[in-house]
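Novice: coordinates for the following, if possible.
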Amino acid sequence: MIKKKIIIGTAQFGQNYGISNKSGKTDYKEVKEILSYAKQKKVLYLDTSSEYGDAESVLGKLDLKNCKVITKFTPKDFYKNKVDIKKSIINKLIESRKKLRVKKIYAVLLHNSEFILKNKGNEIYNSLKFVKKVGLISKFGYSIYSFSNLIKLCEKYRPDMIQCPYNIFDRRLVNQGGIKYMKRHKIEIHVRSIFLQGLLLMPLKDIPSYFLEWKNLFKKWNNWLLENKSGPLQSCLSFVLKTKGIDKVVIGVNDLDQLKQILKTSVKKKIVVPKSIQSTNKNLICPSLW
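Specialist: Residues are numbered from 1 along each chain as shown. The predicted model follows:
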């Protein structure tokens, strides 16, 4: 079950990414081993972006046959004067396809999708529908960071999928009705940040000083793990994968050992983590603000 839901995140393949990442950008040899093992285990979805350093080019050196690649870009370039939005989207997709050396990109997600609610939304949306219709992609959607405009966005510019954060500390997806709404409207739910960039896996003593403000929350989390004799990796995976309605889970790995550890982790049991172990403070749950 776990293999069917996993999408391998590739941010660290193209740049130094993740607060718990001590080894920096993953080197090419390791990336090759990760993807070879993933394909062997039938983990065939990849999440990348033209903004993840040279991640697309690194992936393009490998055999991505049978892989379903989801890439992302931001609509910021569409707000320049006299930009042909449809042409711009097509060019971005062709550029990514060349870097990745794939015949077709499975899906494209827009970063900062709230922009399309402000200006040029119809043009962007119609262009996305067009590139899907002509077969450049199979699906499109939005990568969101906040749930405040989720319903408005989906009602006005209906996507095939939404990618959003979800983890033990950040439960907005469930608490704000996102899962119920998207399931009702047959929108795929892909979640990311399930380890909160590795913070939820770190021993208490290793938590960076920035997070001292939430020391009590981290203590509660670590005490819960001790009391329930559960490891942080298994708990985080079980919490997310056993949440009804989630279709795919984006998981970034720095090396092959991490992928192997994730794939061999048992998630048969649904775990219940107290509601007191969560937060709505964006300075904690939104890595872009760290």
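Novice: now do the end-to-end distance for stretch 98-111.
Specialist: Stretch 98-111 has an end-to-end distance of 21 Å (C-alpha to C-alpha, to the nearest Å).
Novice: pLDDT (mean, whole number) over it?
Specialist: On average, the pLDDT along stretch 98-111 is 95.
Novice: chain center to that stretch: distance?
Specialist: On the basis of C-alpha atoms, centre = their mean, to the nearest Å, stretch 98-111 sits 15 Å off its chain's mean C-alpha point.
Novice: just give me the neighbour total for residue 266.
Specialist: The tally of other residues near residue 266 (other C-beta atoms under 10 Å) stands at 9. Backbone N, C-alpha and C define where each C-beta goes, glycine included.
Novice: list the contacts for it?
Specialist: Contacts of residue 266 were listed using C-beta atoms under 8 Å, 6 or more residues apart in numbering, and they are residue 234.
Novice: note down every partner strand of the helix or strand harbouring residue 251 and its orientation.
Specialist: Assigned by DSSP states H and E, residue 251 falls within strand 248-252. Partner strands and pairing direction for strand 248-252 (DSSP bridges) are strand 6-9 (parallel), strand 188-192 (parallel).
Novice: so which bits of the next helix or strand after the shortest one are buried?
Specialist: Where DSSP H and E defines the elements, the next helix or strand beyond strand 6-9 is helix 11-14. Applying a neighbour-count criterion of 16 or more other C-beta atoms under 10 Å, the buried positions in helix 11-14 are 11-14.
Novice: is residue 141 in a bridge, and if so with what?
Specialist: residue 109, residue 161.
Novice: quick revisit: from the buried residues of helix 11-14, pick the one nearest residue 146.
Specialist: Checking the buried residues of helix 11-14 against residue 146 with C-beta to C-beta, the nearest one is residue 11 at 19.9 Å.
Novice: the closest one and residue 49 touch, don't they?
Specialist: Yes. The criterion here is C-beta atoms under 8 Å, and residue 11 meets it with residue 49 at 7.4 Å.
Novice: got the phi and psi for residue 138?
Specialist: phi -100, psi -30 (degrees, to the nearest 10).
Novice: where's residue 249 relative to residue 277, distance?
Specialist: 20 Å (C-beta to C-beta, to the nearest Å).
Novice: higher neighbour count, the two?
Specialist: The residue with more neighbours, out of residue 249 and residue 277, is residue 249; 22 against 15, by other C-beta under 10 Å.
Novice: identify the bridge partners of the most centrally placed residue in the chain.
Specialist: In the chain, the centroid-proximal residue (C-alpha atoms, centre = their mean) is residue 192; its distance is 3.5 Å. Applying DSSP bridges to residue 192 yields these beta-bridge partners: residue 165.
Novice: residue contacts, it?
Specialist: 9, 47, 163-166, 249-250.
Novice: and the lowest-mean-pLDDT helix or strand in the chain, what other elements does it pack with?
Specialist: When each helix and strand of the chain is scored by mean pLDDT, DSSP states H and E, helix 2-5 comes last, with a mean of 86. Counting contacts by 3 or more C-beta pairs under 8 Å, 6 or more residues apart in numbering; DSSP states H and E, helix 2-5 is packed against helix 232-241, helix 256-263.
Novice: can you add distance to residue 111 and mean neighbour count and give those back as TSV?
Specialist: Converted to TSV, those look like this (distance: least, C-beta to C-beta, whole Å; neighbours: other C-beta atoms under 10 Å):
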stretch	distance to residue 111	mean neighbour count
helix 232-241	22	20
helix 256-263	25	17
